[in-house]
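**Student:** output the structure for:
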Amino acid sequence: MSGDIVVELKGRIDKSLEDLKRELTKVRTGRASTAILDNIRVDYYGTPTPLSGVASVSAPEPRLIIIKPWEKTVLKEIEKALREANLGINPMNDGEMIRLPFPPLTEERRKDIAKQVKTKGEDHKVAIRNIRRDANEALKVQLKDKKITEDDHKRISEKVQKETDGGVAQVDEIIKKKEKEVMEV
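**Tutor:** Here you go, the predicted model:
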């Protein structure tokens, strides 16, 4: 029963790490990444549709994303959705496709983005520590209800702490890698 606490803890930490990675794919670096378009919805015949459902999206160059709609009639709607998304990139519509040129980031902007990345990392570290707190509380309840012994409590608490430390270290690693990517010119 108490082993379930560690398994659940690992699962929740892994989910938190996956969430962090997913959030960081949306952070704009100097390179064009199609992931920043993942949450954009286009009005397709009255239905909000993911951009990937109405067009092919590619990044043929490090600073350019090209969007080719399946139907040319959707071009204006795609352009409108991109402008409303406030990506900080000006879409260029040539009647056939939309180009999203990524301007090089200024040093100041890079530092701002690096701060945002650090903040996201800190938020996820807090989440992991909250997961640890939940696991420790569940252990205390089991100890109080005499479902586990004092020795089991101590041993499992150490496992919980070890898993938490590992999760926090992974967050640091992910953040460091993303900061390096952001600061790269």
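
**Student:** break this structure down into its domains, please.
**Tutor:** Following the assignment in automatic domain parsing, the chain carries domains at 2-26+107-183, 34-101.

**Student:** tell me the average confidence for the shortest one?
**Tutor:** The reference is to domain 34-101. Domain 34-101 shows a mean pLDDT of 87 in the predicted model.

**Student:** just how off-centre is that domain within its chain?
**Tutor:** Using Cα atoms, centre = their mean, to the nearest Å, the distance from the centre of domain 34-101 to the centre of the chain it belongs to is 21 Å.

**Student:** please apply the same query to stretch 155-164.
**Tutor:** On the basis of Cα atoms, centre = their mean, stretch 155-164 sits 26 Å off its chain's mean C-alpha point.

**Student:** spatially nearest residue to the most centrally placed residue in the chain, not counting backbone neighbours?
**Tutor:** Compute the mean C-alpha point of the chain, and by Cα atoms, centre = their mean the closest residue is residue 23, 1.6 Å away. With Cβ to Cβ, 6 or more residues apart in numbering as the criterion, residue 23 has its nearest non-adjacent residue at 5.6 Å, and that residue is residue 120. For glycine as for every other residue, the C-beta is placed from the backbone atoms N, C-alpha and C.

**Student:** got a list of what the one you found touches?
**Tutor:** Contacts for residue 120 were tallied using Cβ atoms under 8 Å, 6 or more residues apart in numbering; they are 20, 23, 24, 27, 175.

**Student:** same thing with residue 78?
**Tutor:** Neighbours of residue 78 in contact, by Cβ under 8 Å, 6+ apart: 42, 51, 54, 55, 67, 69, 91, 98.

**Student:** could I get the phi/psi values of the residue lying farthest from the centre of the chain?
**Tutor:** Checked against the mean C-alpha position of the chain, the extreme residue using Cα atoms, centre = their mean is residue 146, at a distance of 40.7 Å. Per-residue torsions, residue 146: phi 60, psi 30 (degrees, to the nearest 10).

**Student:** now the strands for the chain?
**Tutor:** Here the chain has its strands, by DSSP state E, at 41-44, 47-50, 55-61, 64-69, 92-93, 98-101.

**Student:** now those strands in CSV, with mean neighbour count and distance to residue 111?
**Tutor:** Rendered in CSV, the data for those read as follows (neighbours: other Cβ atoms under 10 Å; distance: least, Cβ to Cβ, whole Å):
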stretch, mean neighbour count, distance to residue 111
strand 41-44, 18, 31
strand 47-50, 13, 32
strand 55-61, 15, 25
strand 64-69, 19, 24
strand 92-93, 13, 28
strand 98-101, 18, 22
